[in-house]
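> no letters, just coordinates:
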DNA sequence: TATCACCTATAGCAACGCTATATGAAGTAA
DNA sequence: TTACTTCATATAGCGTTGCTATAGGTGATA
């Protein structure tokens, strides 16, 4: 159907695969779909890319770098930990934009395909953390820190991908990101943007009361009052 | 080949699926393998389980509970945060013991299969964290804490699964676990009081919140709202 | 005995990833 | 030009996958 002008078949396959993967909303994409959209036949795909996974890896090579290290989305600020946050957010964005590709890369178990990609992402994270370590901002080895942060990043991304886009709550990402970063960094960053650890005792007390009320007998309060009451407690508890 | 004695076909299918999944080292398991090992034909599988995923979910129902909540592997200690650590470790162990099943549950994107399982694991984690919140050990809402911890748990488990068993470094798990737990907990673990659950804890929490509110007026509540709020707090403290 | 619901088998469909083989196009050497 | 080589694409189809339309067998109940 679509022959994409004068592009050679290899490029058309890459473009078709990327397009289908981006729009497939999580459902698997078949080689037949790809070759039809690219206007070529099956042997062409296997001639250029070996197999389906080879094609997907080629797409990833084009797309992943763009998000993780591409100039458009990432420019080192000189502040290593800020760069780590940027890498985290780019990683998440890539996963949400390309759920199908992402699951191939990180949700997969097969040891022959996953480690190469993971190692690449890990190496990039580690690179930043080495700078942080050189600046005395790390309290663990950069490699261990990179692995921990990347693991949490993958878990958060998979969890958010699995949710309907409308219900996604990015507090999960921010909160977890700050948790793992602050755990590996030597100084308590008072930057404030993340999760203020020494949050006001009001929040702690509100959360405790909220939980206590829900676990005790709510009959003591009239239902309408209780609803408003819990709503306010909830609002207080979420100001963090 | 193997008819497993007198077990009914449904049980044979479950057993065959579990066995193949456990030994398949990450490679996909086909319905034909399963039905052949169980000594039944395809329609039997679909009659009992609907589809392949239904069978896998049934296997998970048997196996997952065993690790996450089973009596043999989990007994609440009364210290909520210690229980959370136990849940984390059980979760990881389950993933490493059943990599294929685990990837179906958590590494998968399809929104129709994943949320049910995730919600179950999340609910269990949340249950523990509510107790922690009631004891004043949490600085965020239990639900948010549960999601963050579970996300990190999933990420760590997938990363360790993808590594050769010999090279697995469990420091990654311990480190990340403590990072997310400490991020959601109010640093003062007052666990000396044990687990105060019931009306009395409501009073204690209400008094604490009352005092905290009066000393720091949060801008989230209008003054009239604040007055009513404090009045109700007062009533709770007296009627319980 | 007759009925009926439940369970299982025969046989096969459509879609999948992939390939053995052949054909065309393009460059090189004589 | 002609012959040879090489790369790239097409025709056609293999073996496997998840799944099902249909029918037959089996045991409990009336």
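That came through fine. What you see is a predicted model; the values in this text were computed from it and never measured.
> so which bits of chain A are right by DNA strand C?
Of all the residues in chain A, those in contact range of DNA strand C (Cβ under 7 Å from any atom of the strand) are A:28, A:29, A:30, A:31, A:32, A:33, A:42, A:43, A:46, A:51, A:52, A:53. Any C-beta I mention is one placed from the backbone N, CA and C, and that applies to glycine too.
> which one (most neighbours) among those residues?
The residue in those with the most neighbours, by other Cβ atoms under 10 Å in any protein chain shown, is residue A:29 (20 neighbours).
> that one and residue A:23 touch, don't they?
No: with contact defined as Cβ atoms under 8 Å, residue A:29 and residue A:23 do not form a contacting pair (9.2 Å).
> looking at the residues of chain A next to DNA strand C, spot the one nearest residue B:103.
residue A:28 (14.6 Å; Cβ to Cβ).
> residue contacts, the closest one?
Neighbouring residues of residue A:28 by Cβ atoms under 8 Å, 6 or more residues apart in numbering or on different chains: residue A:100.
> mind checking pLDDT for the nearest residue to residue A:148 once chain neighbours are set aside?
Excluding its sequence neighbours, the residue lying closest to residue A:148 (Cβ to Cβ, 6 or more residues apart in numbering or on different chains) is residue B:176, at 4.6 Å. Looking at residue B:176, its pLDDT stands at 97.
> with residue A:57 instead?
As predicted, residue A:57 sits at a pLDDT of 87.
> surely it is within a strand?
No: counting by DSSP: H, G, I helix; E, B strand; the rest coil, residue A:57 is not part of a strand but helix.
> kindly state the domain boundaries assigned to chain A.
Listed by automatic domain parsing, the domain ranges of chain A are A:9-62, A:78-184, A:201-237.
> okay if I get those domains as CSV plus distance to residue B:136?
Shown next, in CSV, are the domains of chain A (distance: least, Cβ to Cβ, whole Å):
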stretch, distance to residue B:136
domain A:9-62, 41
domain A:78-184, 19
domain A:201-237, 4
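> got the phi/psi numbers for the residue nearest to residue A:148?
Backbone torsions of residue B:176, given as degrees, to the nearest 10, read phi -70, psi -40.
> from DNA strand C, how far out is it?
Between residue B:176 and DNA strand C the distance is 34 Å, computed by Cβ to the nearest atom of the strand, to the nearest Å.
> for chain B, what's the nearest residue on chain A?
Closest to chain B within chain A is residue A:155: 2.6 Å, counting by Cβ to the nearest Cβ.
> quick one: secondary structure of that residue?
Classification of residue A:155 by three-state DSSP places it in helix.
> how many residues are close by it?
Other residues within reach of residue A:155 by the criterion other Cβ under 10 Å amount to 28.
> residue contacts, it?
Residue A:155 is in contact with A:176, B:150, B:151, B:152, B:153, B:154, B:155, B:156, B:158, counting by Cβ under 8 Å, 6+ apart.
> got the confidence number for residue A:83?
90.
> show residues contacting the helix or strand containing it.
Per DSSP states H and E: residue A:83 is located in helix A:80-97. Residues outside helix A:80-97 that contact it (Cβ under 8 Å, 6+ apart) are A:22, A:63-64, A:67-68, A:73-74, A:76-77, A:102, A:106, A:121, A:124-125, A:128-129, A:131-132, A:135, A:137, A:149-150, A:153, A:156-158, A:160-161, A:165, A:168, A:173, A:177, A:181, A:185, A:189.
> among these, which are in helices?
A:22, A:63-64, A:67-68, A:102, A:106, A:121, A:124-125, A:128-129, A:131-132, A:149-150, A:153, A:156-158, A:160-161, A:173, A:177, A:181 (DSSP state H).
> what about residue A:92, how many neighbours?
Using other Cβ under 10 Å, residue A:92 is surrounded by 21 other residues.
> local confidence estimate at the nearest residue to residue A:102 once chain neighbours are set aside?
Nearest non-adjacent residue to residue A:102, counting by Cβ to Cβ, 6+ apart: residue A:95, 4.1 Å away. With respect to pLDDT, residue A:95 has a value of 88.
> got it, and the one 5 residues further on?
According to the prediction, residue A:100 has pLDDT 77.
> from DNA strand C, how far out is it?
Note on residue A:100: its distance to DNA strand C, by Cβ to the nearest atom of the strand, is 12 Å.
> again, but for residue A:169
Residue A:169 is 33 Å from DNA strand C, where distance means Cβ to the nearest atom of the strand.
> give me phi/psi at that residue?
Per-residue torsions, residue A:169: phi -110, psi 110 (degrees, to the nearest 10).
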